[in-house]
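Student: sequence first, then the predicted structure:
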Amino acid sequence: MHETKYLIPQKYKTKLKELNLPQYSFKIAGKGEHEMILDPLRRKFVKLTPEEWVRQNFIQYLISEGKYPPGLLGIEVLFKFNKLKRRVDILVHNRLGEPVMIVECKSPDVKIDDKVFEQIATYNMSFKVPWLVVTNGIHHYACRIDHEAMKFDYLLVIPLYEDLLI
């Protein structure tokens, strides 16, 4: 496996934290408050925030390391919960188009705590997926939910795509 380098001009490197993920190449444009990163799945430039930096890196991690099919990843998927509009950062589907995993991305400066897990658990009331992942780019947590037994197990690694389909 070869290691790729960040395709980031030097002027952006001070703003973006190094993450606990392999390094990937990105297209970044703009200056200052108008910095944009190309989201290849949405096929458009989006505002480069710390959370977006984590999301784009984690998407590449899922595709490159986890062998997740890009066409089965939904990014910032809109849904309604209690009549309120919400967005799931990454929604992974199986080959039948059914949701199987929710990924919640946070800025590297956000501590992954009970509040973050409550947020993703609340989102999952709408989707009822068996897999949840929370990441701030530094720390990554995954769990498998058994909805029938009403229990969950934390995993030591982020599952490969093929493991989601078991």
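Tutor: Here it is on my side, so go on.
Student: counting neighbours, what do you get for the closest residue to Leu164 other than its chain neighbours?
Tutor: Take Leu164 and drop its neighbours on the chain: the residue closest to it by C-beta to C-beta, 6 or more residues apart in numbering is Val100, 5.0 Å away. Where C-beta positions appear, they are placed from N, C-alpha and C, glycine not excepted. Counted with other C-beta atoms under 10 Å, residues neighbouring Val100 total 19.
Student: equivalent analysis for Ile75, please.
Tutor: Using other C-beta under 10 Å, Ile75 has 18 other residues around it.
Student: how about Pro70?
Tutor: As a burial measure, Pro70 scores 11 neighbours (other C-beta under 10 Å).
Student: ok, it to Ile90 distance?
Tutor: Taking C-beta to C-beta, to the nearest Å as the measure, Pro70 falls 11 Å from Ile90.
Student: likewise for Ile138?
Tutor: For Ile138 relative to Ile90 (C-beta to C-beta), the value is 17 Å.
Student: neighbour count for these two, which is higher?
Tutor: Using other C-beta under 10 Å as the criterion, Ile138 and Ile90 rank with Ile90 on top: 22 against 17.
Student: near the closest residue to the more buried one other than its chain neighbours, how many other residues are there?
Tutor: Closest residue to Ile90 apart from its sequence neighbours, by C-beta to C-beta, 6+ apart: Val103 at 3.7 Å. Val103 is flanked by 24 other residues according to other C-beta under 10 Å.
Student: check contacts around the residue lying farthest from the centre of the chain.
Tutor: Most distant from the centre of the chain: Ala149, at 26.7 Å, with distances by C-alpha atoms, centre = their mean. Ala149 sits next to no residue when contact means C-beta atoms under 8 Å, 6 or more residues apart in numbering.
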